[in-house]
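Enquirer: Predicted coordinates and the sequence they were generated for:
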Amino acid sequence: MLLSHLPALQVVLPLIAAPICLVLHHARLAWAWAMLISWSAFGIALSLLNRVLSEGVISYHIGKWAPPWGIEYRLDEASVFMLVLVTTIGVVVTTFAKESVEKEIVKEKIHLFYTCYLLCFAGLLGMSITGDVFNIFVFLEISSLSAYALISMSDDRRALTASFRYLVMGTVGATFYIIGVGLIYMATGSLNIADLAVKLPAVADTQTVRAALAFLIVGLSLKLALFPLHSWLPNAYAYAPSAVSAFIAATATKVAVYVMLRVIFTIFGVSYVFGTMNLGPAILSLAIMGMFAASAMAISQKNVKRLLAYSSIAQIGYIMLGISFATVTGLSGGIVHLFNHALIKCCLFMVMGCVFFRINSTDIKDMAGLGKRMPFTMAAFVIGGLSLIGVPSTVGFISKWYLMQAAFEAGSWVIAIMIPLSSLLAVVYIWRVVEVAYFSPSPDGETAIKEAPVSMQIPIWVMVAGIFYFGINAEFTLDVARRAAESLLGGIVL
Amino acid sequence: MNNQPIVRIGAKIMIPFIMLFALYVQFHGDFGPGGGFQAGVIFAASLILYAIIYDVEEARKIVHPWALNIFLGLGIILYAGTGIAGIFLGGNFLDYNVLAHDPVHGQHLGILLVELGVGITVTCAMTIIFFIFARQEH
């Protein structure tokens, strides 16, 4: 009986679990509860993936109100892909969070941490699953507001200003999004994504709809930190608690990219956005500027978490580059990179969580000699770093290969060459950390091995295994990404 | 403001009526203007008025912050629980039709419970926000 209600439960379970977590009021209990919920959500997501791949689109009507009037949960390849990504990261980070959070957050606040965490989780799942543009806004706000709270929970006082800055920028982004939604509602009288796709072409050639597109794209670009609208991101990631950095870096911007895909490809349609409005070159140039500028900024960072944050902005550039081609190869390259980058960044931020756990700092200068003292943790960093650069047999290679292929298909040699060129910058910033960790002696001459707890190591190595597995056997991710890209493009290729 | 008799007695007279009005807005919300959010804010206003006039510490004794935290969660659980009940009674999530013997009563009951959940949560959230800001003065 419950099986047909899985789409609703996917979101409702973490949503209802959050207030229960608040009532539990106990640190360990709250963690166990969050763990139980993330595993259940993971199970639900896998079962939904299975059903969508075998039976096709699932549509669930909340309160039995038929769409386009009621809220519809609509699952196709793209949305179920996001569900699996978010819940996978959720499971991994929750496991990691236990020790990390106990170290970084005061005991009285830990149950609040997991409450916000579950809310953020629910919001991100809701954004991926819903087929209603206004509902997306609601979940966007749920996930963002809880993310602001999560970031500000860090011991580091700079987290407060970082979180406030994120709040201001994030709210501007969300407001732009809702203005855009208001305008398309004005033009079509509908909020349902599938219905909008049918109704918009008739009114597409009006100022209202053009303004709506502009508001939606700019608002979402802020949310997904597309260069040059990324200024909120580095500090938010750098000063947040480690578990939060790992979770948000791997999911929040990715889900925003997914919403952007929905807006561009499903609602407005590829021929309108890339044909009539010709947004391709604009997105392409911003993506390439982001790839180079953010990587260059990453090189000059003193704090590794900040460095990784700038690298995230650069990687968003790669994803948007794939999208800007508006071809099946480009789009699936973008979607695969979205998944692969989530794996890599989650792994790297968790590594930084382990480092912080032992040495109370994530500054590069404090990491001297860490290669000997935390061999497993730093090995994971090297693997994650290599994958970020795009070394073959890791996931980073697969996505960059695909993106280059898309660039060749689009007939642009220059862009194809820019992808490995910007990866060279990644070599530099990863090497800076590796050099200090492995080739300079630790300041106090300490060489005894002092690893992070096993419960923090396991999630990292699960991610490392993922980096290799999906790097060598990319069939599954590529297949799902390709099907998602095809369903987004809807058979219409420019 | 303990030494201001007019303010104190004025507040004493008004607070019950504010609470009553909040309950009216809450339970009449499905027929007229109103609903859980507005009712919650009005109810919280009565508590906040009490805290302003009779001192925050006195108000904390009446509505304990711990209880507020619990009810903050319970309100949402009531909302979502109503939705889940719909699933267990054979409908979709938040399907009110199946909650009672016929759809009209079901919709009635559903909206009543959901709005009550909203009202409880909003009351607690508003009061907690006030208490947190009031504490910062000390």
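Expert: Arrived safely.

Enquirer: Mind listing what's buried along the longest helix anywhere in chain B?
Expert: Longest helix of chain B, by residue count under DSSP state H: helix B:103-135. The neighbour-count check on helix B:103-135 (16 or more other Cβ atoms under 10 Å in any protein chain shown) flags B:106-107, B:110-128, B:130-131, B:134 as buried. (Glycine included, C-beta is placed from N, CA and C.)

Enquirer: Look up how far A:A27 lies from A:F274.
Expert: 50 Å (Cβ to Cβ, to the nearest Å).

Enquirer: got a list of contacts for stretch B:30-38?
Expert: By Cβ atoms under 8 Å, 6 or more residues apart in numbering or on different chains, the residues outside stretch B:30-38 that reach it are B:24-26, B:28-29, B:108, B:111-112, B:114-119, B:122.

Enquirer: what about 6 Å?
Expert: With contacts defined as Cβ atoms under 6 Å, 6 or more residues apart in numbering or on different chains, stretch B:30-38 is touched by B:25, B:28-29, B:111, B:115, B:118-119, B:122.

Enquirer: repeat for stretch A:463-482
Expert: So stretch A:463-482 is in contact with A:81, A:332, A:335-336, A:339, A:343, A:346-347, A:380, A:383, A:387, A:393-395, A:398, going by Cβ under 6 Å, 6+ apart.

Enquirer: Recalculate using a threshold of 7 Å.
Expert: A:77, A:81, A:92, A:328, A:332, A:335-336, A:339-340, A:343-344, A:346-347, A:350, A:380, A:383-384, A:387, A:393-395, A:397-398 (Cβ atoms under 7 Å, 6 or more residues apart in numbering or on different chains).

Enquirer: cool, and stretch A:189-208?
Expert: So stretch A:189-208 is contacted by A:67-68, A:72, A:74, A:131-134, A:183-188, A:209, A:262, A:266-269, A:272 (Cβ under 7 Å, 6+ apart).

Enquirer: same check, this time on stretch A:414-425
Expert: In contact with stretch A:414-425 (Cβ under 7 Å, 6+ apart) are residues A:288, A:291-292, A:295-296, A:299, A:314, A:389-390, A:400, A:403-404, A:407-408.

Enquirer: Can you name the residues of the stretch 51-200 of chain A sitting close to chain B?
Expert: Applying Cβ under 7 Å from any Cβ of the partner chain, we find that the stretch 51-200 of chain A lies next to chain B at A:60-64.

Enquirer: If we use 10 Å, what do you get?
Expert: A:60-65, A:70-71, A:73, A:111-112, A:115, A:119 (Cβ under 10 Å from any Cβ of the partner chain).

Enquirer: about what we covered before: show me the subset of the buried residues of helix B:103-135 that also lies near chain A.
Expert: Counting by Cβ under 10 Å from any Cβ, the members of the buried residues of helix B:103-135 near chain A are B:107, B:110, B:121.

Enquirer: so where's chain A uncertain?
Expert: Where chain A drops to pLDDT under 70, the residues are A:1, A:445-447, A:491-494.

Enquirer: hmm, try it at 50
Expert: A:491-494 (pLDDT under 50).

Enquirer: what about the strands in it?
Expert: A:58-61, A:72-75 (DSSP state E).

Enquirer: neighbouring contacts of the first one?
Expert: Applying Cβ atoms under 10 Å, 6 or more residues apart in numbering or on different chains, the contact partners of strand A:58-61 are A:4-10, A:48, A:51-52, A:66-67, A:69-76, A:79-80, A:129-131, A:194, B:92-95.

Enquirer: Kind regards, and thank you for your time.
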